[in-house]
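1. any chance you can model this:
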Amino acid sequence: MPLFSLSQPAQFWLFGLTTGITLSAVATFLSSIWNQENVLAPRSTAALMPLRLARHRVPMVSSPFDVPDETLETISRLQALFTVSGPQLTQLVRHMIAEMKKGLQDDNHSLKMIPSHVIRRPQGSETGSFLALDLGGSNFRVCEVSLEGNGKMRVQQRKYTVSEQLKRGSGEQLFNFFADSVLSFLQEIGDTQTPRKLGFTFSFPVKQTSIKHGYLLYWTKGFSAASVEGLDVVQLLQEALNRKGVNVTVTAIVNDTTGTLISHSYSHPNTYIGVILGTGSNAAYVEKAENVPKYKQPMPTGEIIINTEWGAFDDEHVFLPRTKYDAKLDRASVNAHQQTFEKMMSGMYLGEVVRYVLVDLIKTGELFKGRSSDKLSKPYSFETIMMSRIERDHTLDLSDTRTVLEELFGVEKTSLSDRRIVRAACELVGKRAARLAAAGIAAIVTKIKKLNGCTVAVDGSLFELYPHFANRMRDALNEILGLSAENILLEQARDGSGQGAALIAALADKE
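-> Residues are numbered from 1 along each chain as shown. Take a look at the predicted model:
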């Protein structure tokens, strides 16, 4: 009988030490422990695996990856703040459905549920060439979409950047810039003379009175250009085009989520929901006519696409699990007390939430020995792309995280514990965003009774590029919907908003 016994993982670990394959054995040991008690991130194993060694020590062998108790306590506290449980998600779904129904009755609610005036989806047989101007945030595109029928299309496009000066300047300067960009694009493709129809993707809260008239309710996403709120943005764009002598007529205004839905349905007819998860966030879906009592115009197709403007969900601060960091961000934003849901789950704000966390932990001495840096103290300096880079850091010593913090943000020499805390903050904030987005989708799918099968077209850099974001959404859908989640397809819809605007211009041209 042996003098002592070890668990199988520990035997494997010691075997590795004695046979020269230490690195492989240690990795296997760490992986087995991580799988037994995964607390923070099931898909980000390498960087956070060492955290578990503090609770799973092998007798007589010390590990260089032991974590101080105070570091574990900090991470545990952050985890408690930012984790949204399955039951909480289910409650949010119920609340959102109730708010959606209120918004369909009248406009006096946080969820505006704006009728898009798009009352038909494409059949896949439409043909012709149409332009689109797609303004979704800091970047916008001018596109030429050639519809070829059979669900096929060709796209030429050019991307432009809206400067901070233009965002905060005058409305006339902003729309002149759009017109100049359209003219520049037409010059590039070699055709400035042919009369063109243009669909305008305008991804901000708008009160639409028809397919080609929409009045900006209020700016979001860092925009505050003067003399635009309350005015018809189609008219502003048309006037700018006329001033520049551009032979283009704006025939439709559409939100980016509606455009994404329409674009995807051209080739995927079972698409009933469009979602944007990028700089901002929103959703649109196909609603039955009888469920929209506030819309008084004819709907011969029996359906209409509704722009939910879900970024404003719970602006009353009743349902969402906000933290003190969310509250600080909101108070300092250019649109305080608005877009509560969006500020918890969109690319413009996630990095800033993490920055508030880091600044707070520096003040308490839990991070960087209480030393900050000038850059980290600057609002919106810690962009969401930095979170993405840090979550991709799977090195045992989190060397790329060290590069971000020390070289890009000027933080003095960081410890491994510092880097673990930063990575945990990024992961927790990113995971919360994905789970909240999934709750919004679950609410819409449940509302329209499509649990038996529905395609959700999703556009935006978070869904496409942020590590694990899409899979975290799918995991949350499984928690909320159970087996029905298997019937809900989340599909990437790249650049769908611009293509959708051109398609809607084509549909409007037939009416």
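2. mind listing what Ile273 touches?
-> By Cβ atoms under 8 Å, 6 or more residues apart in numbering, the contact set of Ile273 is 261, 283-286, 441, 444-445, 454-457. Glycine gets a C-beta too; all of them are placed from N, C-alpha and C.
3. hey, where'd the strands end up in the stretch 1-150 of the chain?
-> 114-115, 127-135, 139-149 (DSSP state E, counting those that start in this stretch).
4. that older thread, in strands, which of the contacts of Ile273 fall?
-> Under the assignment DSSP state E, the contacts of Ile273 contribute 283-286, 454-457 to strands.
5. which of these are buried?
-> 283-286, 454-457 (16 or more other Cβ atoms under 10 Å).
6. dump the residues you listed into a markdown table; add pLDDT and distance to Leu408 as well.
-> What follows is these, written out as a markdown table (pLDDT from 0 to 100; distance: Cβ to Cβ, whole Å):
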| residue | pLDDT | distance to Leu408 |
| --- | --- | --- |
| Ala283 | 97 | 34 |
| Ala284 | 96 | 37 |
| Tyr285 | 98 | 40 |
| Val286 | 98 | 44 |
| Cys454 | 96 | 41 |
| Thr455 | 97 | 39 |
| Val456 | 98 | 35 |
| Ala457 | 97 | 34 |
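7. closest to Val334 out of these?
-> Ala283 (22.9 Å; Cβ to Cβ).
8. buried ones in stretch 316-328, by neighbour count?
-> Buried-residue list, stretch 316-328, by 16+ other Cβ under 10 Å: 319-323, 325-326, 328.
9. pick the one among those closest to Tyr295.
-> Phe319 (26.1 Å).
10. any idea how many residues pack against the closest residue to the closest one other than its chain neighbours?
-> Leaving aside its sequence neighbours, Phe319 sits nearest to His95 (Cβ to Cβ, 6 or more residues apart in numbering; 4.6 Å). Using other Cβ atoms under 10 Å, His95 has 17 neighbouring residues.
11. kindly report the same for the one 10 residues further on.
-> Gln105 has 13 neighbours, counted by other Cβ under 10 Å.
12. how close does it sit to Tyr295?
-> As judged by Cβ to Cβ, to the nearest Å, Gln105 and Tyr295 stand 11 Å apart.
13. neighbours of Leu507, just the number please.
-> Taking other Cβ under 10 Å as the definition, Leu507 ends up with a neighbour count of 22.
14. okay but Lys288 is in contact with Glu303, surely?
-> Yes. Assessed by Cβ atoms under 8 Å, Lys288 is found in contact with Glu303 at 5.9 Å.
15. which ones are touching the residue nearest to Phe319?
-> The contact partners of His95, by Cβ under 8 Å, 6+ apart, come to 314, 318-319.
16. and with 10 Å instead?
-> Applying Cβ atoms under 10 Å, 6 or more residues apart in numbering to His95 gives the contacts 313-314, 318-320, 439, 443.
17. wait, isn't Gly259 in contact with Thr201?
-> Yes. At 4.9 Å, Gly259 counts as touching Thr201 under the criterion of Cβ atoms under 10 Å.
18. with neighbour numbers in mind, choose between the two.
-> Gly259 (38 against 29).
19. which SS class is the more buried one?
-> Look at Gly259: counting by DSSP: H, G, I helix; E, B strand; the rest coil, its state is helix.
20. for it, report the pLDDT, please.
-> Gly259 is assigned a pLDDT of 90 by the prediction.
21. cool, the one 10 residues further on as well?
-> Reported pLDDT at Pro269 in the predicted model: 92.
22. count of neighbours near it?
-> So Pro269, with other Cβ under 10 Å, has 14 neighbours.
23. likewise Asp475?
-> 19.
24. the chain should start at 40 in everything you say after this.
-> New numbering, starting at 40: the last item is Asp514.
25. from Ser385, how far off is it?
-> Asp514 sits 20 Å away from Ser385, going by Cβ to Cβ.
26. before we move on, what about Leu437?
-> Taking Cβ to Cβ, one finds Leu437 at 26 Å from Ser385.
27. and what of Cys465?
-> When Cys465 is compared with Ser385 (using Cβ to Cβ), they lie 15 Å apart.
28. who's more crowded, the two?
-> Cys465 (29 against 26).
29. the more buried one and Leu437 touch, don't they?
-> No. Contact between Cys465 and Leu437 fails when scored by Cβ under 10 Å: they sit 11.1 Å apart.
30. which residues are common contacts for the two?
-> 429, 443.
31. chain center to stretch 436-445: distance?
-> Centre-to-centre, stretch 436-445 and its host chain are 25 Å apart (Cα atoms, centre = their mean, to the nearest Å).
32. what average pLDDT does that stretch get?
-> On average, stretch 436-445 scores 97.
33. now do the strands in the stretch 390-539 of the chain.
-> 493-498, 527-531.
34. partner strands of the first one and their direction?
-> In its sheet, strand 493-498 lies beside strand 310-316 (parallel), strand 527-531 (parallel), with partners assigned from DSSP bridges.
35. most tightly surrounded among those?
-> Among the strands paired with strand 493-498, strand 310-316 has the highest mean neighbour count (mean count of other Cβ atoms under 10 Å), at a mean of 28.
36. Asn281 against Val287, yeah?
-> Yes. Counting by Cβ under 10 Å, Asn281 touches Val287, with 9.3 Å between them.
37. more neighbours, those two?
-> Val287 (22 against 13).
38. can you pull up the bridge partners for that one?
-> Arg235.
39. re the thing from before, as a markdown table, the buried ones among the ones in strands among the contacts of Ile312 with distance to Glu112 would be great.
-> Converted to a markdown table, those look like this (distance: Cβ to Cβ, whole Å):
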| residue | distance to Glu112 |
| --- | --- |
| Ala322 | 38 |
| Ala323 | 43 |
| Tyr324 | 43 |
| Val325 | 48 |
| Cys493 | 43 |
| Thr494 | 44 |
| Val495 | 39 |
| Ala496 | 42 |
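40. looking at those residues, which is nearest Val245?
-> Nearest member of these to Val245, counting by Cβ to Cβ, is Ala323, at 12.3 Å.
41. wait, what's in contact with that closest one?
-> 153, 155, 157, 293-301, 311-315, 344-349, 483, 496, 539.
42. try it again at 8 Å.
-> With Cβ under 8 Å, 6+ apart, Ala323 has these contacts: 155, 294, 296-297, 299-300, 312-313, 344-347.
43. what's the closest non-adjacent residue to it?
-> Thr296 (3.8 Å).
44. quick one on the thing from earlier: turn the strands of the stretch 40-189 of the chain into a markdown table, columns for distance to Trp258.
-> As requested, these are exported to a markdown table (distance: least, Cβ to Cβ, whole Å):
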| stretch | distance to Trp258 |
| --- | --- |
| strand 153-154 | 16 |
| strand 166-174 | 12 |
| strand 178-188 | 15 |
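45. just so I know, which of those lies nearest Ile228?
-> The nearest among those, by Cβ to Cβ, is strand 178-188 at 6.3 Å.
46. between the closest one and strand 166-174, how many degrees?
-> 170 degrees (axes from the mean of the first three to the mean of the last three Cα atoms, to 10 degrees).
47. which other helices and strands contact the next helix or strand after strand 178-188?
-> Under the assignment DSSP states H and E, the closest C-terminal helix or strand after strand 178-188 is strand 191-200. On a contact count with 3 or more Cβ pairs under 8 Å, 6 or more residues apart in numbering; DSSP states H and E, strand 191-200 meets strand 178-188, helix 210-228, helix 535-549.
48. in the second one, which residues are buried?
-> Along helix 210-228, these residues count as buried under the neighbour rule (16+ other Cβ under 10 Å): 210-211, 213-222, 224-225.
49. tell me where this protein is predicted with low confidence.
-> Counting by pLDDT under 70, the chain contains low-confidence ranges at 40-104, 548-550.
50. what bridges to the residue sitting nearest the centre point of it?
-> Nearest to the mean C-alpha position of the chain, by Cα atoms, centre = their mean, lies Leu316 at 2.5 Å. Note on Leu316: beta-bridge partners Ser320, judged by DSSP bridges.
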